[in-house]
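Peer 1: Coordinates for the following, if possible.
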Amino acid sequence: MRDDLIAIRRQYDVFLALLYRELVARFQRRQLGFLEELGSIVVHVAVFSALKLMMGGGNHYGMQILPFITTGVFTYWLIRSGIGVCSQSPLTLRRYRAFPQVTLLDVAIARGVVNMAIYIAIAFIIFAFEEAIGFSGPIGDPLAVLGLLVTTGILGIGMGLVLMGLFHYAEAARTVLLAGFTRTLSFVGGTFFVYPDLPYSFRPYAEWIPMIHINDMLREAYFPTYRVEWASASYVAWWVCGTMVFGLIVERAIRREVTG
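Peer 2: Next up, the predicted model:
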C-alpha cells in the first residue's frame, strides 16, 4: 500500500511538471501560432456578429448579439483546439523520450488541460471586456458558465483521444477530417443560433448534436432572460463520459506502438 501511494505521488509530480512544460512550450515555441489563433477567434466573433446584426438587429431572444456569438465561438474553439492538441500527442511524446515515466496519456491530458485553461481564461477576459464597453450585461451565473466551458473542454479532450488512434494509423486523414469536421461543427453546433431558431422538422436531428445542448445551456447560464427547457445535461454527460472512456481505450491500444 505504501509503495502504491509513493508511485501515485510520483506520477502526480510528473504530471504537474508536464503541465508546466506544456504551458511554457505553448507560449515560447508557438507564439506566432497562438496569436494567429486569437486573431481567428476575434475574426469569427466579428464576422458572425456582423451577420447576425444584418439579419435581425442587436438582440436575439433577449440576448445581446456580441456575447451571444462569443459564447458559441468559444465552445466551438474548445472542441476544435482540444481535438487538435490531444490528437497530436504521439508526436509531442517524442520530446519526452528521456523521461520514461511520462506516458502518452500524461502528455495528452496535460496538453488538453493547458489548452482548456488558456481558452477559458481568454473567454472570461473577453466577457469582462464586452461588459465593460457596454455590449453585454453581467453574466447571470458565472459558475455555471465556467462549468459548461470546462465540460466542453473535456469533451474536446475525449474526442481528441479517440481521433488520436485514427490519425496514428492514417496521418493523411488528419487534415481532411479536422478541416471538414471542425468547419461543419461551427455551422451545425449552435455557434450562431439557438434551438428555437430551427425549423420543427430539423429539431429531432439537432437533438443528437451535443454542442447544441451545451450552447443553449451556456446561453441560459450567461443571459438571465433566456430559458431552456429542451436541453439535456445527462445527454451531454453521456457524450463526455463515452468519448473519454473510448479515448482511454484507444490510448491504451496504441501506447506500446508509440513508445516502442
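Peer 1: Can you tell me the centre-most residue of the chain?
Peer 2: Leu78 (2.1 Å; C-alpha atoms, centre = their mean).
Peer 1: in the stretch 1-150 of the chain, which spans are strands?
Peer 2: 59-60, 63-64 (DSSP state E, counting those that start in this stretch).
Peer 1: strand partners of the first one, parallel vs antiparallel please.
Peer 2: Think strand 59-60. strand 63-64 (antiparallel) (DSSP bridges).
Peer 1: what stretches of the stretch 151-260 of the chain score poorly on pLDDT?
Peer 2: 260 (pLDDT under 70).
Peer 1: ok, which stretches of it are helices?
Peer 2: Along the stretch 151-260 of the chain, the segments classed as helices by DSSP state H, counting those that start in this stretch run 172-188, 203-206, 210-222, 233-259.
Peer 1: now these in a markdown table, with mean neighbour count and distance to Leu23?
Peer 2: In this view, the C-beta of every residue, glycine as well, is placed from N, C-alpha and C. Formatted as a markdown table, those follow (neighbours: other C-beta atoms under 10 Å; distance: least, C-beta to C-beta, whole Å):
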| stretch | mean neighbour count | distance to Leu23 |
| --- | --- | --- |
| helix 172-188 | 13 | 23 |
| helix 203-206 | 13 | 37 |
| helix 210-222 | 24 | 25 |
| helix 233-259 | 15 | 22 |
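Peer 1: so which of those helices comes closest to Thr152?
Peer 2: helix 210-222 (5.6 Å; C-beta to C-beta).
Peer 1: can I have that closest one written out in CSV, keeping just the CAs?
Peer 2: Extracted in CSV, the C-alpha atoms of helix 210-222 (Å, rounded to 0.1, in the frame of the first residue of the first chain):
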residue,chain,number,x,y,z
PRO,A,210,-24.2,17.6,-28.0
MET,A,211,-22.8,21.0,-28.9
ILE,A,212,-26.3,22.4,-29.5
HIS,A,213,-27.3,21.2,-26.0
ILE,A,214,-24.1,22.8,-24.5
ASN,A,215,-24.6,26.1,-26.3
ASP,A,216,-28.2,26.5,-25.3
MET,A,217,-27.4,25.7,-21.6
LEU,A,218,-24.4,28.0,-21.7
ARG,A,219,-26.5,30.9,-23.0
GLU,A,220,-29.2,30.2,-20.4
ALA,A,221,-26.4,30.5,-17.7
TYR,A,222,-25.0,33.6,-19.3
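Peer 1: got a list of contacts for that helix?
Peer 2: 63, 67-68, 71-72, 75-76, 79, 127, 139-141, 144-145, 148-149, 151-152, 155, 185, 188-191, 194-195, 206-207, 226-228, 230-233, 235-236, 239 (C-beta atoms under 8 Å, 6 or more residues apart in numbering).
Peer 1: tilt between it and helix 233-259?
Peer 2: Inter-element angle recorded for helix 210-222 and helix 233-259: 120 degrees (by axes from the mean of the first three to the mean of the last three C-alpha atoms, to 10 degrees).
Peer 1: can you tell me which of the helices of the stretch 151-260 of the chain comes nearest to Arg97?
Peer 2: Among those, helix 233-259 sits nearest to Arg97 (C-beta to C-beta), with 8.5 Å.
Peer 1: Point out the most buried one among the strands of the stretch 1-150 of the chain.
Peer 2: strand 63-64 (a mean of 20; mean count of other C-beta atoms under 10 Å).
Peer 1: And the contacts of it?
Peer 2: Gly58, Phe135, Ser136, Gly137, Arg219, Tyr222, Phe223, Thr225, Tyr226.
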